[in-house]
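Engineer: model the following, please.
(chains A and B)
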Amino acid sequence: MIDPYRLLGVTRPADDESIRDAYLAAVRACPPERDAQRFEQIRAAYEAIATQRDRASYALFDTSVPTAEDVVTLLSERWQPGRPGLQRLQKILGAK
Amino acid sequence: MSRKRRHRGTPGSSPLPNADALQILAEEALHAARYKEAIEHYKELLKVERNPAWVANLAQAYAGRATQLAEKDMLKEALALWRTRSQICGTSLGQGPYLGWLVQSGDWEQVMGLLSSAESLSAELRAHTEIQLARVALVAPDAVLQKLPPDSPLVQHRAVALGALAAYAAGDHAAMNAHLSNIPFRSPYRDLRAILKAFALLHTDIAQAAAAIDRIPRDGPFEPMAAALRVCVLPGVQWLAALGKLDKETRALVLDIKGCPPKQRLVVSELSMLRDQPVALYDWLVRHRQQFQLSDATQLCLRLLPHVPDRLKTFRANFAPLAAAEHARILALSAELKGNPDQAEENWQDFINSTISEEPRQRVQSALVLNHVADSHNHSGKPGELCKHGIDLLAQSLDLDGQDRGTHLKLIRALRMDGTAPKELRNRIEKAVAQFPNDPEVLMEAVQSASDSGAHKKAVGLAKRILEIDPINSKVRGIIGQACLSQARKHLIAKKSDGAQRELEEAGRWLRTTSERGAIKLLQVFASEGADKEDALLREAVADLGGGLVGIFHLLLETARTKRNARTFIRRAGADFGATPSTAEVVALAYALNASSDHDKILSGALTPLQEMLIRATKLEFTQPEQVLVCEALHRRGERLLSRRYAEAALRRWPGRPIFVCLRAEAIYGDNRRRMPEREILALEDARDLAESQSDKRTASRLDALLPGTVGDFEMPGQRTGLPGFPGFPLPGGPATPAAAMEALLALGGEDALLEMMRKQLGKRMFEDLRLEIGGSNKQFARRLMEIFANPDALLGGDGVPDTRPMPPPKYVPAPRKPRRPAPGQKDFFDD
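Structural biologist: I've put the predicted structure just below:
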């Protein structure tokens, strides 16, 4: 499971209300008809941390293994999408 | 001549076989892909005669050998062989993989030379070759391109293609589009046009870019660029998994587009190869932790630690010391992941001990842990069922956090399923209702419990409260109606017809289905007992309740519930007991039996008058699932005679079918499995093997449980064969190990079931003595007993000498076998 805090874009000390707001915003941005899989992830994330008791439970018992994708999501947060240079394009076309 | 030399002899050094024999050898070598040998043979053959078939085969052998060399990256050798093939066999140089190998080897001059020699290529092949060379032509030196005729499209459109490429790299989309519009539809560079447009869309509309890349063929000349694009348009971070399958240059292109800084490129490439192995990921995180914020890296490693507990030692050195509670939590989760609930419980206890305080947050945390541990005490697998210890843990959890609605509900359900502490259940329900007075789920639990305990009035009152909150709750309406019916039955038993009528009128307000209305009508007839004018209503009620066999069954059931004389009502209802019911009626009866919550005794009373009818119905042709349904329903209700008759009827139609063998044996032997004769055991074993071969695990395990020599058939301490004074007892299937059998029993029924079995085995006196001596909780006592039974020497003393205390007689002594009666006409052993 992707870190629900990260998925909803909230910090660890966030309260019920701000988590709910973040959830609604995430659902508005990605409704089920647009990307059902992503919507399911958002819903699961919200259910995991909706209340204080849920958050405590998640912190205590979550055994989901972080995946390489989770890690690269974290790593790529500050990356700026770029454009390959001419040299790179020529290289991929086989230039020696 | 040595043997070795003779074997490897060349055609020149050994006597030359005749042409026919050589041809056979050559063909064999060619078909077996021994191309080198085939080439030698065909060359020899061609010295004799230039046979066109041999020439073609030689060309095939050359092609095969060249391909083998190219696959081993020996491009130079492959190209040389292809040229030899062209010279000897007269084949066209440009056909086949030759051009591709040339491009791969970077020998552009040769490529262009080939393209410019018009005589070597047909028009079609030439066009195809131009497309294949489009990528090379873009990056080849100008001097090389001069070898091509000036009217070649590769030369004509090259400048605009290069211009478009440069414009894209510079981010000038307008210029790029202008250049691309000058590339004609049939140009060898046409794929580049589509690819560059898709690249430009990547940062503005990824869905359109994905759609555009889908239209580009995968065998096109610009596939390396297209492959990078296909990875870039993958949703989320799926590109990471695809990254590992790309070559170095394509990977670099993807990372350029993703914006990965140069210092992280190696790290990301390494990450893409990890394939979600926790150990590898943990070690990778530790190695590259400086790439992250410390808190992020720590958090990720903490999440991984339960999966890699052996890294706990190094965590402190790499990150920070772990608090005792956190350490215990990780060990507990790790034990759970390894399937060791006892160890996990101990670790969770350590966690609570490390965090215990009066602070509300810590109390909630401890309550959650107790609640979580309680879940591991569901040994039966039925949702909500817990053993005594689990119930205690839930109660403790509520003591720490009384606001947890979920735990209230869980505890109430567990107590209700346990059924041994009605007072505690009432207390818990009262507390929950006081805490959550307007919670429909809590109120529903209260209604169910009141209804189960026969407090129908209370159930109705609570149910009405639910309806105030949730007016369309059909389940509650049903519960109220059924509670009224139960109340009416009580009145009927107490011969209070007025009260019964009132309750039935009330029930009529809540119950709507035909069968429910039928039950009301039936009870109305009972309430107006003696009134023959009610016969029509009685017949109507029987029809509403399903008519035929099922209707009569419900009538009999209601008479049994209200203690009425069944015979009178059956006569008045005009039931025909002489008829044979249809398959549909018997199946409907099976469903009714399964749905009934009545006690088996009441059901049995209702089924007895129907026995003859049901036995007649065994001759009907049921489908196999119907037959299983009927047998199972009868078996579940303890109707062993009927269950056996239906199973035997099924076995006549489907001989040896495991499920029916099982049902028949269960019906015949019930709990007296030790009386099972040898042939029956063999039949059961065969059926079990057949069920296993059909992957019917459920039936196989049922048959396994039926066979003697499983749970319970193990040696008791001191009863091992050979121990003086404690004779062993022979068992048909050989004894299972005590530890395995007890583990199985513990898993199935929990420590309560295990202790109960132990009490029976050891006798009350010895059991209580051991209980006093060992002490501790039920769980600890059960574990200690298991250790003793697994290693009886511990009980007997290390030297294997039996304890001097008197042992109770073993309970599992097999019944003495009846002497086998000789078959009629068979002589006795001593007859002679």
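
Engineer: from here on, just use CA atoms for contacts and neighbour counts.
Structural biologist: Fine.

Engineer: by mean pLDDT, flag the weakest helix or strand of chain A.
Structural biologist: helix A:68-75 (a mean of 84; mean pLDDT, DSSP states H and E).

Engineer: in that one, what counts as buried?
Structural biologist: Under the neighbour-count criterion of 16 or more other Cα atoms under 10 Å in any protein chain shown, helix A:68-75 has A:Ala68, A:Glu69, A:Asp70, A:Val71, A:Val72, A:Thr73, A:Leu75 buried.

Engineer: need the nearest residue in space to B:Gly574, chain neighbours excluded.
Structural biologist: Residue nearest to B:Gly574 in three dimensions, not counting chain neighbours: B:Arg539, with 7.8 Å by Cα to Cα, 6 or more residues apart in numbering or on different chains.

Engineer: how many residues are close by that neighbour?
Structural biologist: Neighbour count of B:Arg539, defined by other Cα atoms under 10 Å in any protein chain shown: 23.

Engineer: for the host helix or strand of B:Ile131, give the mean pLDDT please.
Structural biologist: Using DSSP states H and E, B:Ile131 maps to helix B:123-139. What helix B:123-139 shows for mean pLDDT is 78.

Engineer: briefly note if that helix comes near chain A.
Structural biologist: Yes - contact between helix B:123-139 and chain A, assessed by Cα under 8 Å from any Cα of the partner chain, occurs at B:Arg135, B:Val136, B:Leu138, B:Val139.

Engineer: run through the neighbouring helices and strands of that helix.
Structural biologist: helix B:98-105, helix B:108-116, helix B:153-156, helix B:158-169 (3 or more Cα pairs under 8 Å, 6 or more residues apart in numbering or on different chains; DSSP states H and E).

Engineer: can you list the ones you listed in JSON lines and add mean neighbour count?
Structural biologist: Output for these, formatted as JSON lines (neighbours: other Cα atoms under 10 Å in any protein chain shown):
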{"stretch": "helix B:98-105", "mean neighbour count": "18"}
{"stretch": "helix B:108-116", "mean neighbour count": "20"}
{"stretch": "helix B:153-156", "mean neighbour count": "19"}
{"stretch": "helix B:158-169", "mean neighbour count": "21"}
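
Engineer: of all those helices, which one comes closest to chain A?
Structural biologist: Smallest distance to chain A across these (Cα to the nearest Cα): 5.1 Å, for helix B:158-169.

Engineer: returning to that earlier point: identify each buried residue in the following helix or strand past the least confident helix or strand of chain A, please.
Structural biologist: Once the chain leaves helix A:68-75, the next helix or strand it forms, by DSSP H and E, is helix A:86-92. By 16+ other Cα under 10 Å, the buried positions in helix A:86-92 come out as A:Leu86, A:Arg88, A:Leu89, A:Gln90, A:Ile92.

Engineer: what's stretch A:86-96 in contact with?
Structural biologist: Identification of contacts with stretch A:86-96 by Cα atoms under 8 Å, 6 or more residues apart in numbering or on different chains yields B:135-136, B:138-140, B:165-166, B:169-170, B:222, B:224-225, B:249-250, B:253.

Engineer: now for the residue of the stretch 1-150 of chain B found nearest chain A: which residues touch it?
Structural biologist: Here the residue of the stretch 1-150 of chain B nearest chain A is B:Val139; by Cα to the nearest Cα that distance is 5.4 Å. Applying Cα under 8 Å, 6+ apart to B:Val139 gives the contacts A:Gln90, A:Leu93, A:Gly94, A:Ala95.

Engineer: in CSV, list the residues you listed along with pLDDT.
Structural biologist: Output for the contacts of B:Val139, formatted as CSV (pLDDT from 0 to 100):
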residue, pLDDT
A:Gln90, 88
A:Leu93, 84
A:Gly94, 77
A:Ala95, 73
